[in-house]
Every structure is written in structure tokens, then in C-alpha cells.
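Visitor: compute the structure for the input listed below.
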Amino acid sequence: GATLSGVLTAPVAGFSDALPVCLFVMILGGFLGIITETGALDAGIAALVHKLKGNELVLIPILMFIFSIGGTTYGMCEETVPFYLLLAATMVAAGFDSLTGAAVVLLGAGCGVLGSTVNPFAVGVAVDAMRGIGYDPNQAIIIVLGCILWLTTLAISIVFVMRYAKKVKEDKGSTFLSLQEQQDMMNEWGMKESEVEGAEGDAVANAKMTGRQKASLVVFALTFVIMIVSFIPWTDLGVDFFNLGATSEEVTTTVTGEELTTTFDDANDGATVTTLATPVEATSVEEVQTSPAWSSFLTGVPLGGWYFDEASTWFLLMALIIGIIGGVSESRFVKAFINGAADMMSVVLIIALARSITVLMGQTGLDMWILNNAAAALTGMSAIIFAPLSFLLYVLLSFLIPSSSGMATVSIPIMGGLAQHLNFSVETMIMIYSAGNGLVNLFTPTSGAIMGGLALAKIEYTTWLKFGAKLFV
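Guide: Numbering: from 1, shown residues only. Model prediction:
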């Protein structure tokens, strides 16, 4: 049950829980502060928009398709946060609004996750959960269903975003943004008078970049490429390239009964005192790495196994390198980095608060209570009723558990087991979970990545809901 102390400590527990993400977002802010300080990003965006003159709409389907590939293959979600800023700036420069930029990222990656094909955090965990109860799902069926879901939802979303972007370009008044948000957008990303002339063709010199800025942009792009490569779980996909050179050996240690009881009691915070009736001796076998993989020389973890701590290390390092390439002095570097990180503080707090709701749900067990009761109620229904009701159940549960892997771990043994028991297709059940969870993750306020991304793009949550409501329905 929920205790007062549990409710009061939830925000702090949420922060502790989301610490790696929060730190990553702050370091990312500093990194973006440095690239902005070099002037390379603005110059790069201006040059891109200049090249696309008249064909800016082409950006939308291309970028949404790229993000969706990230979504369907490895569940690109938290990693999209940095792109909200970049795309808000790019879309405003191209004559659309910041909402178009946010939609490209969120709907692009989101439709990919909704139709997960090999995404280890959704489908992977779900298949694993079913194997845990002795059933081996057919991955080929899952991939086909995933492709259908992914490509149909993506096509609808692309048409939706392009129509909106076109309307905004022709008539600025048709934007969904409030006056305050439009003001924020223009303050943040509005083009200066001289740049507008440059776009018109008078002062084209503005679109020229210095050698340092070009080099900074190349390194900037490389940073993101490596980040994406490092997050994709290559070994799960059967690619061992980044793990080459890693060797390990088995080490066997003897454990006494006394050590076993002490460890057990410590795990229970000393609340138990365990004694053994007879002397016990056990052996523990663990694999110890003797030489690291070649791609782990920077963070100690090979590419493909990275998470937020490694990504933070990487962005911190690249911020320093871009600062050197861009010729940013020491004092300017520190100031730009701190200001960039400070800009992210609101995002960090939003992510932590979103996480605290999940922590609270786990503590109170509300999620499991809903799940067990719903599963009992669904027993004995025909497939035509069972499927849509399961989908609605996943939509409801996804507000409580936004994490796709957390949701799969908790629910698939129950719902997948139920489908198997009723002789329905377990693979379809896994995709019902992926679609329900994926749909809610396009707009749930308990997702740190969404709330953080919208905060970066200077868009109110209610504005996002108004904009997307038609599409979500």
C-alpha cells in the first residue's frame, strides 16, 4: 500500500533512479553550449536551409524515416532528447515552427518503437519473458507484424506532419503554438535580419563557414553517430565486431556457510539473523574478463553495451575536443558549458518527476493489481473481443509503467501466458503490447524523454496534446 513517507520520498527516489539520464542531459547541455559557442551549428543549419531553398518539406519524411529505423531496431527513446533542440532550430530556420521539429523526432522514433521488430528493450524482453515460462515465440511472425505496424503508422504520421508544416509555412497563423510559445521560439531560434537577407540571396556570404566551424560540425556529427552505434545492442543482433579481442576466464572461489548467511542478512538490512543447522560449503564460479574488447578503451565498455554513464563520458570528452577545434578560450569554454548545462535544469527536474511516478507505482503495487484483475476478467473471451480489450489494458498500464522493458517484464508472463492458455497467438499478444505501449509513449506525461524533449523545444505539454490528438485517435 501507499504510505505517506512513500509518497513524500517518491520525487527524491525518482531523481536517484533517473540520475544517469539526468547527468547525461546536463552534460549534453554543456556539449551543445560549446558547439553553439563556436557558431558552427547556426552556420551549418543556415547552409542546409540555403541548399534546400524551396524543397524544405523533403527534410520531414527523410528524417522521420531515419528516426523510425532507430525506434524499431533498438527502441530509440531517451537518445532522441538532444535532437529536439537541433530540429526545432532547423525547422524554424526552414520556415516551419518548433512544433514541426518536435513532431519529426517524437513521431518518427515513436512509430518505430510502436512497431518494434528487433528492439531488444521491447520485443527482446517480451520474448525472453515468454521463454521464462517455457514458450518460445516465433520471431519471424513478430518481425512481419512489427513491420506492418511500423510502416503504416509512420506513413500516416509523415502525411500528418507534412500537411501541418505546409500550412504553417504558407500561413504563420495556423500554428498550434500559443503566442507565448511563438515568442519563445522566435527569441531562441528566430533568424536575425542579416541572415534573412542571406537566405534571400543578398548576403550569401553569411552561409559560408570557416574551416574551424566545418571541422567542429564534422566532429559534432561523429559524436552523435558514435552515440547511436554505442546504444545499439550489437551482440543481441548477432554482431560481434565491437567485442573482438575480449577474453575471459572462469574463476572458482569457495564460499563458507558463514559468508552465505552474512550476505543474506546484509541484503535484508540486518533485519534477519540466519543460522545454518549443518556446516555448508559452496563454490561460486564467475567469468572474469582478462583482456578488454578493442572498442572499450574509452569507457571500459565495448560499443553496443553503452548506457547513459558511458554516453555522458563520451559527450564530455567531445565537448573538450570541439572546444579545442573551434578555438574556444578556457574562460569562454567554462562559461558556455555551465550555461548549457544550466539550460537543461528544467529538463532534468521534469525527467526526475516523471520517473518518481513510476517509482510510486512500483512501491504501491498498483500496476500488478490492475494487471492480475484484468487478466482474470479477459479469460474466456473470444479473440475478437480479447484483442482490443488487451490493447486497451496495455494503453492504461503504459501510463503507469512507461518503460517498455519494465512493462514487458511485468506483464508478458501474465498476458502472454493467458493468450497461450486460450490458444491465441502469443506473437500477436507481444505486438499488442508493443503497439499499446508504443502508442501511449507518443504522449504520456510520465515519460522523461517526451517531457524533456518538449521542454527543450520550448513547447507546452498541452500544445503537444492538442496538436497530436487527431493522430493518436
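Visitor: care to break the protein down by domain?
Guide: 19-240+305-353+442-470, 247-291 (the TED database).
Visitor: assumed T299 was part of a helix.
Guide: No. Going by DSSP: H, G, I helix; E, B strand; the rest coil, the assignment for T299 is coil, not a helix.
Visitor: am I right that it is in contact with T313?
Guide: Yes. T299 is within contact range of T313, at 5.1 Å (criterion: C-beta atoms under 8 Å). For the C-beta atoms, the positions are set from N, CA and C on the backbone; glycine is no exception.
Visitor: burial measure for the residue nearest to S291 when sequence neighbours are not counted, as a count.
Guide: Nearest non-adjacent residue to S291, counting by C-beta to C-beta, 6 or more residues apart in numbering: T247, 4.9 Å away. Per other C-beta atoms under 10 Å, the neighbour tally for T247 reads 9.
Visitor: isn't T247 up against Q289?
Guide: Yes. In this structure T247 lies within contact range of Q289 using C-beta under 8 Å: 7.4 Å.
Visitor: which other residues reach stretch 222-236?
Guide: Contacts to stretch 222-236, defined as C-beta atoms under 8 Å, 6 or more residues apart in numbering, come from residues 31, 70, 73-74, 76, 79, 82, 120, 124, 240-243, 303-307, 310-311, 314-315, 318, 322.
Visitor: quick check: T36 vs G326, distance?
Guide: Separation of T36 from G326 (C-beta to C-beta, to the nearest Å) stands at 10 Å.
Visitor: V473 too?
Guide: 46 Å.
Visitor: packing partners of the longest helix seen in the chain?
Guide: For the chain, the longest helix by residue count, based on DSSP state H, is helix 139-170. Secondary-structure packing of helix 139-170 (3 or more C-beta pairs under 8 Å, 6 or more residues apart in numbering; DSSP states H and E): helix 59-74, helix 98-114, helix 426-440, helix 461-472.
Visitor: would you mark the buried spots in that helix?
Guide: Within helix 139-170, the residues scored as buried using 16 or more other C-beta atoms under 10 Å are 139, 142-143, 145-146, 149-151, 153-154, 157-158, 160-162, 164-166, 168-169.
Visitor: ok, now stretch 221-234?
Guide: Quick answer for stretch 221-234 (16+ other C-beta under 10 Å): 223, 226-227, 230-234.
Visitor: just the CA coordinates of it, formatted as CSV?
Guide: This file holds the C-alpha atoms of stretch 221-234, laid out as CSV (Å, rounded to 0.1, in the frame of the first residue of the first chain):
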residue,chain,number,x,y,z
ALA,A,221,28.1,14.7,-36.3
LEU,A,222,30.6,12.0,-35.5
THR,A,223,29.7,12.3,-31.8
PHE,A,224,26.1,11.5,-32.5
VAL,A,225,26.9,8.7,-34.9
ILE,A,226,29.1,7.0,-32.3
MET,A,227,26.4,7.6,-29.6
ILE,A,228,23.8,5.8,-31.7
VAL,A,229,26.1,3.0,-32.6
SER,A,230,27.1,2.5,-29.0
PHE,A,231,23.5,2.2,-27.8
ILE,A,232,22.5,-0.5,-30.3
PRO,A,233,22.9,-3.9,-28.6
TRP,A,234,25.0,-5.5,-31.4
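Visitor: what average pLDDT does it get?
Guide: Stretch 221-234 shows a mean pLDDT of 82.
Visitor: likewise stretch 45-55?
Guide: 84.
Visitor: so how far is it off the chain centroid?
Guide: How far stretch 45-55 lies from its chain's middle: 28 Å, per C-alpha atoms, centre = their mean, to the nearest Å.
Visitor: again, but for stretch 381-399
Guide: 25 Å.
Visitor: contact partners of it?
Guide: So stretch 381-399 is in contact with 367, 370-371, 374, 378, 407, 411, 415, 419, 422, 424, 428-429, 432-433, 435-437, 439-441, 444, 446, going by C-beta under 8 Å, 6+ apart.
Visitor: ok, stretch 182-191 next?
Guide: By C-beta under 8 Å, 6+ apart, stretch 182-191 touches 46, 88-89, 92-93, 97-98, 175, 177, 199, 458.
Visitor: next: stretch 296-308.
Guide: Under C-beta under 8 Å, 6+ apart, the answer for stretch 296-308 is 20-21, 23-24, 78, 226-227, 229-235, 239, 242-243, 246, 292-295, 309-310, 313-314, 317.
Visitor: give the buried residues for that stretch.
Guide: By neighbour count on 16+ other C-beta under 10 Å, the buried set for stretch 296-308 is 296, 299, 301-306, 308.
Visitor: and the two most separated of the buried residues of stretch 221-234?
Guide: Greatest spatial distance among the buried residues of stretch 221-234 (C-beta to C-beta): T223 and P233, at 20.1 Å.
Visitor: show me where the stretch 201-350 of the chain has helices.
Guide: 211-231, 257-267, 308-325, 330-343, 345-364 (DSSP state H, counting those that start in this stretch).
Visitor: give me the distance between stretch 109-129 and the centre of its chain.
Guide: 13 Å.
Visitor: can you list the buried residues in it?
Guide: Applying 16+ other C-beta under 10 Å to stretch 109-129 flags 109-127, 129 as buried.
Visitor: stretch 465-473 too?
Guide: Going by 16+ other C-beta under 10 Å, stretch 465-473 has these buried residues: 467-468, 471.
Visitor: can you add distance to I350 and pLDDT and give the residues you listed back as a markdown table?
Guide: What follows is those, written out as a markdown table (distance: C-beta to C-beta, whole Å; pLDDT from 0 to 100):
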| residue | distance to I350 | pLDDT |
| --- | --- | --- |
| F467 | 19 | 96 |
| G468 | 18 | 96 |
| L471 | 23 | 96 |
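Visitor: of those, which is the nearest to S5?
Guide: Nearest member of the buried residues of stretch 465-473 to S5, counting by C-beta to C-beta, is G468, at 37.2 Å.
Visitor: number of nearby residues for the closest residue to that closest one other than its chain neighbours?
Guide: What sits nearest to G468 in space, not counting adjacent residues and going by C-beta to C-beta, 6+ apart, is F443, at 6.0 Å. By other C-beta under 10 Å, 19 other residues sit near F443.
Visitor: same question, the one 4 residues further on
Guide: Neighbour count of S447, defined by other C-beta under 10 Å: 25.
Visitor: repeat for T73
Guide: By other C-beta under 10 Å, neighbour count at T73 equals 19.
Visitor: repeat that for the one 5 residues further on.
Guide: By the criterion of other C-beta under 10 Å, E78 has 22 neighbours.
Visitor: surely it touches V21?
Guide: Yes. Counting by C-beta under 8 Å, E78 touches V21, with 5.9 Å between them.
Visitor: overlap in contacts, the two.
Guide: Among the neighbours of E78, those also in contact with V21 (C-beta under 8 Å, 6+ apart) are 308, 448.
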